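Q: fold the following for me, if possible:
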Amino acid sequence: MVLGSFAQDNEKPAVGVSSLIGHVSIGNGIAGGASVADSIYNETRTKTPVFTIGADYTKGGNFSIGVITGYQRINLNVTDTFNNFLESGDVNRFYLGIRGLWHYGKSDKIDLYSGVKIGIVAFSTGAISGPQAKKSVIKRENNRTRTSFGIIPIGARFLITDNLGGHIQMSIGAPTFLSVGMNYRIL
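A: Just a heads-up that it's a prediction; the model follows:
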């Protein structure tokens, strides 16, 4: 789900609230995820899409500022090929960041934008199963927090009605690489 601004109306502030699914990465693997970086381990993983909620605000003009948060669950199955054991567990990925967007074009129905973002990505593990759960490689490799910088080369929002619209966005950096969603303008 996403809250998003629309820069089409330069006369008043715009903030959007998503409805339905909203700002969801499409495809399995388009968003990054957790892993184990060691050659003695083989891993398989399944991931949920990244679900995001955000809000942007503009007083008019071509610039907006906003916040975005995202969540993804990754299930890892790791086989230790040296000791021949398997462990399984969930890794939760949470993102919280701010973004600035530059809007271009003067259309009442389409908002094209580019921007930058900075945020924090936190990985945490859930329950781990397997014979070596107390020495879990999944926990060792995936309980961490880091700063994330990103660029939004292109994004587009389009209005279907006066308040309801959709968007598609490409970005480099967390929480997604490609996302589609729906927006609802409340102001």
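Q: quick one: low-confidence ranges for the chain?
A: 1-41, 81-84, 132-133, 186-187 (pLDDT under 70).
Q: can you show me the helices along it?
A: Under the criterion DSSP state H, the chain contains helices at 137-142.
Q: most centrally placed residue in it?
A: P175 (2.8 Å; Cα atoms, centre = their mean).
Q: need the contact list for the closest residue to it other than its chain neighbours.
A: Excluding its sequence neighbours, the residue lying closest to P175 (Cβ to Cβ, 6 or more residues apart in numbering) is G70, at 3.3 Å. Heads up, the C-betas are built off the backbone N, CA and C, glycines and all. When contacts are counted by Cβ atoms under 8 Å, 6 or more residues apart in numbering, G70 touches 50-53, 93-95, 174-176.
Q: same thing with I118?
A: Per Cβ under 8 Å, 6+ apart, neighbours of I118: 97-99, 147-150.
Q: show me what the residue nearest to P175 bridges to in the sheet.
A: T52, Y95 (DSSP bridges).
Q: how about R99?
A: G66, K117.
Q: re the thing from before, which of the contacts of I118 fall in strands?
A: 97-99, 147-150 (DSSP state E).
Q: who wins for neighbours among the contacts of G70?
A: P175 (29 neighbours; other Cβ atoms under 10 Å).
Q: go ahead and confirm it touches G54.
A: No. P175 is beyond contact range of G54, at 9.8 Å (criterion: Cβ atoms under 8 Å).
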